[in-house]
Structures are given as C-alpha cells and as structure tokens.
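Enquirer: got a structure for you, letters missing:
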C-alpha cells in the first residue's frame, strides 16, 4: 500500500496498465454473460471504468460523452474533445476516439428529433461493422432512455437496461482499485483535519463544506461535490444537507466526506464533532451510534450476506420513534462504494422488509456502513460511517479518522 | 436588484412566495400543453423548480428523491428525509411529502424487480386517485427509463419522455429567478478574485479549483462542482478538465466558474489570465476571442434566433485548423442557463450543420456564450464566456468580472 501520490521509480505504486486491463476484462466478462451484443454508456463512472477517460463538470450533466463497448471489440470513446489530442494523452485509446455525438439530451424532444437520429445513425453503423446489429444493445446512464429505445427499435435494434452489466463488473475491486480507495480515504482525513481545526461558534455549515472541499482538491481530488454538514437542530431528525446555519457552543456537527473523488473513486465517511465540551447525554448518544455501526461491521466476511449485516441493526422503526420503515430508510444503511457513491449491494432493514433477496458478500467488495442515533423530537443526532473492504477472513476498515469517542473541537475554549 | 443575501425588513429582495408560485404556474401550463396526465421527475433541477426542495450530494446520483405533478393537483415530493420534518421546514408542501421510494436505480436489474414494482405500485395508485391512470405519464430525469417504461406499460400506463415539458417551462426566467442569477454571477466574481490573487508559479490547477470553490461556499452556494482550470499546454487544443499541473511563468490559464450553484441557479463564466506579463501574441489571441464573443452578443435581442448568433462565429472548422464541425463543436457555443448548466436553446454552427431548426430568443431567457481562440498546434488558447439576459431591446450582460483585456496576475513580479 503506497499512499504517496507522485509517480516514482523507487517503489511500486498503483499499476495503471494493470488497473485498465483488469477493469476492461471484468467489464467484457459481464457483457459476454449478459446476452447483449454491445453496451453504450453515458455514465461518467462507467466511461472511466472502460477507458480511464474522466468526465468533468461542464460535460457531466450534459451526456455529451459516451463509450460504446462491442462484445467482440475494444471500447470506443465519443466526445473527448479533439480526438487526436485525446489519443495523444491516452495512447491506450489509439484509433478509438471519435468526435462528440449531438447533444440530444439538451435539445431533443422525441425519438424523431434530428439529434437523436444522427446519434442512432452513427451507433447503428458501428454495430453493423461489428456484425452486432441483430443483437440486443444495452443502454446505460442516460435520462433519454425512453426516446433512444424507440429510435433504436425503429431500426430493428432491441434495447435492454445496461446498468446491471457494469454494476456486476465493478462490484469486486481489483488490487489497484483498492489502493486508490485507500488514498481516497486518506484524502478524507485531510478534509476532517481542516474541518476539525475550523470548528468554532459562528462558522457556518457552508463554510465548513468549503474548507473540507478545498482540502480535497489540494490532495489532488479530480472531482468533489458538497459535503453533508448538519449542526445543532439540523442534526435531529437525520438529514443530509447543509445550510448557512452558524455553529453555536454545545452544538453537535456531523459531516460526511462523500463528494470526494480521487481518480474517480469515492469515499463516504461520516464523523460527528462537538462545538466545545460535550454533555453526558451527547456522549451516550455517540456511544449508541458507534455500537450500531461496529456491531454491523463485526459480521462482515466473505460469504456473509447483506441481510446478516442489516440484522445487526434495530428491528423496528420504533427504535427511532417512527412507524414506517420508509421514513427511516437512511437511518441505518449500507451501500457498495467505488466509482459512484451508491453501488450495489444495498444493505437496509427497509429493503429486507420490501422483500429484496439476500446478496452474498465477496472478497474485494468495498462497503460503506452508516448509522444514526437520535431520539424523536430530541435536540441532537449522531451520524457515523466507515468504509470497509471485505476480506477472506473478515474485513479491513479503510477509514482511519478517530471514531471511538465524540471529538470535542474549538479547543482554545477547553 | 438586491445583491445582499440576508433576509431584511428594509428593502424588497427575492420574493420567494412569488418565485415558487410562478415556477409552478409555468410548469403546470406546459404540462397542460403536453397531453400528459402527470409528470414524474427524478431530475434535481426539476424537483427544485416544482417544490424548492434541494437535493444534496449523497442523494444526487442515487435517484432516491422525486416529484409527481398531476395535471389536476399539486406536486407531491417523495423521499425528503422524515416527511413531518420536511413539511415543518417547507410549509408550502404541507400534506404532500411522502417517504422515499425504493432505491431502484441502485438495486434493480429489470422491470420485474421488486424495487421497480413497489415504485410502480405507489405511483400507479396515486395516478388512479387523481383519475389519471388512462393518460400518458411523462417520465423525467432517471437513467432507468427503459425498465420503468416497461413496468408502467405492463399496468396499462403509457409513458412519454418528460424532459421537454419542464425545459419549456424553465427556459423563460421569472423576475425572481433573474435576481437569483445576478447573485450567482456576483458569487463567481468572489471566486475569480480569490483565484486571481492566488495565481503564481508552482500553484497547481487543482489548487486553483479548490480556492475558487471555497470562495463559492463562503458566498452561500448550496452546490458547487469542479471548476474548469487549464493552464499552459493544457489550453491548446481546447479542453475542459483540470489536473495537478503546476503553473509556470508565461502560462495562460483559463478558468470556468461553472459548477457554482446559488439556490440552484448556475453561472458559467470563463476568464483567461496570464502568469506574469503577457506577450504580444497572447494579447492578440485574447483580442480574437473577445471579438468572437462580443460579436455574437451584439445580435442578441427578442426575436433574433439562435442561428443569428451562431452566424457571427467562424463559418468553417478550418478557422481553428480542423476538418469536421464535430471536432470543434465546443469551440464556439451557447446554451441556456438556469437550474442546470446546459439548457435549451443550444447555439452552435455544428448544430446548424446537423440540421437543427432555429429557435427564437425571448425576453427572460438567460444564455451563456463561450468562445475559443487558439491555433492548431499552438502553445496557447484563450477561452471567454459571458452570461447574458435577453431583454426587449437587446441584452444585459450579467457577468461583471473584467473581460476587455488579458489580466496579468502574479503581480509582485511585475
């Protein structure tokens, strides 16, 4: 495990050739199993998984870049700026970068719109070149699925929902992916260090978000969104926003370093702090939350199921004072973590109650587990979260920011 | 125009009751025109437009919150945390907040999956309560369109592509939306001020992104993604990422404050700086870019079309040294701006070449115009962008950061 980020000659760090090869191998294996002839994805995480190309802010919401992976070929990237320049920077894509497709998400009203037609023309011709025009096309990561499906169907191309294919590939992390996720978790510690130093009366939730996010970019994060930051009355009931509320003495503050993305890989880590000295009641609430999360972590190992984990959590929404599981769905929850924040498997009592079948945990899965302690109508809430790698004999907690005791900040006052 | 952000008694600022009422009125008008009985949206911008509820990081990519707007009713919000608490904070949603739907995006493989079935059950029952179960349902903002459409069809509910309905509502901004967009543009100036002060040899593109983003959160931004930041060799050809490249003396640096979101409203503003004194060649390139953007702005007024604007730009991709319009699609481009970064209308020579019909500009549209100057194989590129409100007699440029001359930074050296 090499946490240093420079490319160096004196030790082996992330092996990027191997990272790219193993990700693509896993994707192809799942594509072969799926029965689809090809998959086309506009999902930024899947674009990165297949090509290492990274989609940045202006393009992220526009769906103007995509990758086509034919069953019998290599991934073709659309829309990476000037193709010749992209190929120069990314030699592993040599000969497989094409100019962008029309921005159909922005301008198209229906399946007959010119922007959709041009898109379907280009993709249809490529599928024919690979001899795949009679096989199902898996579509992924576009909010225009309804009109694209119709447009492809008019040309005799059957469409299927592509997301499960690459989810299945991504759920087991390779050696290099795990190294990158260790670095992401380390980056989260820089954010917490900056935030813990800044906590004091008067500083606002949004200021703490800015301080944490700046620390992440300084660590080389290539994308970072908002952090969750809730203080005082915003901590009960559980919520996941942030506002311009200023911190006050005696407030609890919980923060989620969840937008953090290092070479695409996310962390999702909640910690709870106190503005000054904590009360006995706050410490007990903290202990309740800590036991809930570590109770669940204790059963993680290869072969255990997501249900085994969820069964360690409260067996009724009444625990938090509510009647309906849906109302407290996020109160104790787990989720796969990787190139996106919420990947399979999902872990929650709510999903068990709805009837979701169990999923086995496997070596190489990375799972975020998050729990909440807070009484209905109470003044305070505590949120904690750890990122955990499933190993053969158990687990490895990737997140190292201290968690055993409620951390009291604004030390000059102490 | 009140740029102060506090709620005050001494002058009229944004009128939030009016903002919410007028947005919802515009949405209902377009829903009535569309022929759909209801629209269901998972798009964070549309959720905000319909309810003022704001979706934050952990929920943004998960599609776990949505709004159903029936033709003959008021919007119903799903998944806003604890419903009773959401209603207390947002009294205008009283009686219309429901717990979350199952996280089908994360766990569902096909239309028969339990998470999809529970979703379709709940929505189907609501449509029946409103007597809308025989009318088309418009679906918006989900990457699961393919499986949702099939699941609804199995229950006899026809699905249509919903995005154009709320796009049509949102394209004309109300008085209060324009006031919020002025504040967003002002916030971008705080980011540029912090960045311009920080530019010096050795600071990295990612550091400048962090500094700019922190300034935005300090201005109360409720969401901010990465900024574009390209320096030196990264400025030619045009690209829109940022890396860990350090700045060097003589580099040009262009930055896009495009992730910026104030109460949901985005800015998209490019400026180009020089690390130290600029050369004559760099100044001339800057002038070329400036004339390109202000040439286009000069024709903006009610009744002009997006084609009229694009016609002010180079009439051949050869201008930038390329053969294919698709390769230089983003080199000179315009787009609507508001609750998302890229809204209709689209403005580009590429889209004209593809055959997109013209769209008339109307009073109340806000448009971002962005241009690039740089020679193929050259060392430098310049990018500029302004956000422009269409008025009866012409336009108002909302972005005020100085633009006429290339700004030389790292002043201690000068």
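Expert: That came in fine, so what should we check first? Just so it is clear, the model here is predicted, and its values are computed rather than measured.

Enquirer: only C-alpha atoms for contact and neighbour calcs from this point on.
Expert: Will do.

Enquirer: domains in chain A, by residue range?
Expert: A:16-170, A:175-413 (automatic domain parsing).

Enquirer: find the nearest non-adjacent residue to the residue nearest the centre of chain A, please.
Expert: Taking Cα atoms, centre = their mean, the centroid of chain A lies closest to residue A:341, which sits 1.6 Å from it. Of all residues not flanking residue A:341 in the chain, residue A:266 sits nearest, at 6.1 Å (Cα to Cα, 6 or more residues apart in numbering or on different chains).

Enquirer: does the one you found touch residue A:339 like I think?
Expert: Yes: Residue A:266 is within contact range of residue A:339, at 6.0 Å (criterion: Cα atoms under 8 Å).

Enquirer: between these two, who's got more neighbours?
Expert: residue A:266 (27 against 23; other Cα atoms under 10 Å in any protein chain shown).

Enquirer: check the secondary structure at the residue lying closest to residue A:3 once chain neighbours are set aside for me.
Expert: Once flanking residues are discounted, residue A:3 sits nearest to residue A:183: 5.9 Å by Cα to Cα, 6+ apart. Under DSSP: H, G, I helix; E, B strand; the rest coil, residue A:183 falls in the helix class.

Enquirer: if I look at residue A:183, how far off is residue A:50?
Expert: 21 Å (Cα to Cα, to the nearest Å).

Enquirer: isn't residue A:87 right up against residue A:93?
Expert: Yes: Residue A:87 is within contact range of residue A:93, at 5.8 Å (criterion: Cα under 8 Å).

Enquirer: can you pull out the strands in the stretch 51-200 of chain A?
Expert: Under the criterion DSSP state E, counting those that start in this stretch, the stretch 51-200 of chain A contains strands at A:66-70, A:76-78, A:97-98, A:137-140, A:159-161.

Enquirer: burial count for residue A:92?
Expert: 13.

Enquirer: just the pLDDT for it.
Expert: Among the per-residue scores, residue A:92 holds a pLDDT of 97.

Enquirer: what do you get for residue A:225?
Expert: Reported pLDDT for residue A:225: 88.

Enquirer: would you say it is within a strand?
Expert: No: Residue A:225 is assigned coil when assessed by three-state DSSP, not a strand.

Enquirer: for it, give me its contacts.
Expert: A:213, A:258, A:259, A:260, B:57, B:223, B:224, B:225, B:226 (Cα atoms under 8 Å, 6 or more residues apart in numbering or on different chains).

Enquirer: contacting residues around the last one?
Expert: Under the criterion of Cα under 8 Å, 6+ apart, the contact partners of residue B:226 comprise A:56, A:57, A:222, A:223, A:224, A:225, B:209, B:213, B:258, B:259.

Enquirer: give me the low-pLDDT residue ranges for the stretch 51-200 of chain A?
Expert: For the stretch 51-200 of chain A, no stretch has pLDDT under 70.

Enquirer: can you do 80?
Expert: A:80-81 (pLDDT under 80).

Enquirer: flag every residue of it that's near chain B.
Expert: Within the stretch 51-200 of chain A, the positions lying close to chain B (Cα under 8 Å from any Cα of the partner chain) are A:55-58, A:61-62, A:81-83, A:85, A:99-102, A:106-110, A:114-115, A:140-147, A:149, A:160-161, A:163-164.

Enquirer: again with the stretch 301-414 of chain A
Expert: Residues of the stretch 301-414 of chain A lying near chain B (Cα under 8 Å from any Cα): A:326-329, A:340-346, A:351, A:354-356.

Enquirer: which parts of the stretch 51-200 of chain A are helices?
Expert: Along the stretch 51-200 of chain A, counting by DSSP state H, counting those that start in this stretch, helices occupy A:83-89, A:104-107, A:114-129, A:145-154, A:163-170, A:175-198.

Enquirer: which one of those helices lies nearest to residue B:248?
Expert: helix A:83-89 (20.2 Å; Cα to Cα).

Enquirer: quick revisit: redo the contacts of residue A:225 as CSV? Include distance to residue B:397.
Expert: Supplementary listing: these in CSV, determined by distance: Cα to Cα, whole Å:
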residue, distance to residue B:397
A:213, 30
A:258, 36
A:259, 32
A:260, 34
B:57, 31
B:223, 23
B:224, 22
B:225, 23
B:226, 24
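
Enquirer: now, the most widely separated pair of the residues you listed?
Expert: The widest separation within these (Cα to Cα) is 14.6 Å, between A:258 and B:226.

Enquirer: where does the stretch 301-414 of chain A have low pLDDT?
Expert: A:411-414.

Enquirer: neighbours around the closest residue in space to residue A:65 that isn't next to it in sequence, how many?
Expert: Distances taken as Cα to Cα, 6+ apart place residue A:79 nearest to residue A:65, at 4.8 Å, with adjacent residues excluded. Residues within reach of residue A:79, counting by other Cα under 10 Å, total 22.

Enquirer: which of the contacts of residue A:225 has the most neighbours?
Expert: residue A:213 leads the contacts of residue A:225 on contacts (other Cα under 10 Å) with 35 neighbours.

Enquirer: confirm that one sits in a helix?
Expert: Yes: assignment of residue A:213 by three-state DSSP places it within a helix.

Enquirer: quick check: it touching residue B:210?
Expert: Yes: counting by Cα under 8 Å, residue B:210 is a contact partner of residue A:213 at 6.8 Å.

Enquirer: could I get the contacting residues of residue A:379?
Expert: Residue A:379 neighbours (Cα under 8 Å, 6+ apart): A:232, A:233, A:235, A:236.
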